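S.K.: What follows is a predicted protein model with its sequence.
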Amino acid sequence: MSVTSKTKKFTARSFLKKKQKGEKIVVLTAYDYYTARILEEAGVDSLLVGDSLNMVLYGKDNTLSAGMERMLFHTRAVSDATEKSLVIADMPFMSYQPSIATAVTNAGKFLKDAGAEAVKLEGGIEMAPTVTRLIELGIPVMGHIGLTPQAINRFGGHKVQGRTEKQRNYLIESAQALDEAGCFSCVLELITAPVASEISQKVKMATIGIGSGAGCDGQVLVVNDITGMYDKFKPRFVRRYADIAGQIKKAAEQFSADVRSGDYPSDEESFLE
Ligand code: KIV
């Protein structure tokens, strides 16, 4: 899609500008063409094609098996729909961890083949050299620290981060390293609100919180959580604005009743000649 004169493209630099102006940044996940269009029309700044799709679209218990093929496929659908919002592709488990060369090849695919404008990768200070290289090659990078779901087996569950001095130091050191490496933004997931605030004040990049309190420069949530499409469980930090799963169920129940009673289709819904 082309950017018309009426639209102002949100870019990686816009994250930094918004932070400098003290304006909050709005990010939601998106996985398909029509949802992406609706979110853009609603004025969402940036759409993240998160590997959370493995759970909320494909019914898996975690994000580990999302894989490049699936992520590229959904990123293409979202970027095809998007004119104004910045599209960020989440790099799936083991698509960037093995080596910098692997990260470059796979991040390149998101921009070259799937139309993403930035990538996100999980990890702290240990990922800084990878981030530096990607940025050198012209690939904007969003970091992701705190409870990083691809390391769920190491964390042993969804545990809030930053409660111990050791965790706090690691998170601050990591945020500063990713900032210096050139990330335009960083997701702070499930970090105590005071530590997330402290990080946000210490770094130039925009912090985007999820379950990390109000002191972040912006917020991200999973679209299927806020719409109630995913109703398997609701984390404490999720605010639900709709009950789409309930609405679909009601519609399907009514359709079933109408077919069974002979009420559907009516003459108006048929071609009588
Ligand atoms: O995969 C995802 O959707 C994410 C966000 C929730 C930050 O990483």
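M.R.: Received, thanks. Numbers count the residues shown, from 1 in each chain.

S.K.: quick one: contacts for the closest residue to the ligand within the stretch 1-150 of the chain?
M.R.: Closest residue of the stretch 1-150 of the chain to the ligand, C-beta to the nearest ligand atom: residue 50 (2.1 Å). All C-beta spots, glycine's among them, are computed from the backbone N, C-alpha and C. By C-beta atoms under 8 Å, 6 or more residues apart in numbering, the residues touching residue 50 are 29, 31, 63, 90, 120, 222.

S.K.: Ok, residue 192 next?
M.R.: So residue 192 contacts 160-163, 212-213 (C-beta under 8 Å, 6+ apart).

S.K.: Identify the residue spatially nearest to residue 212, adjacent ones excluded.
M.R.: residue 196 (3.8 Å; C-beta to C-beta, 6 or more residues apart in numbering).

S.K.: Now residue 133: closest residue in space that isn't a chain neighbour?
M.R.: Nearest one to residue 133, counting by C-beta to C-beta, 6+ apart, is residue 100 at 5.1 Å.

S.K.: what's near enough to touch that neighbour?
M.R.: Residue 100 neighbours (C-beta under 8 Å, 6+ apart): 129-130, 133.

S.K.: Just read off the phi/psi values of the residue nearest to residue 212.
M.R.: Note on residue 196: its backbone torsions stand at phi -60, psi -40 [degrees, to the nearest 10].

S.K.: Would you confirm that it contacts residue 213?
M.R.: Yes - with contact defined as C-beta atoms under 8 Å, residue 196 reaches residue 213; the gap is 5.3 Å.

S.K.: Tell me which of the two has more neighbours.
M.R.: residue 196 (28 against 17; other C-beta atoms under 10 Å).

S.K.: rewinding a little: now the buried members of the contacts of residue 100.
M.R.: 130, 133 (16 or more other C-beta atoms under 10 Å).

S.K.: Which ones among the contacts of residue 100 map onto strands?
M.R.: The subset of the contacts of residue 100 located in strands under the criterion DSSP state E is empty.
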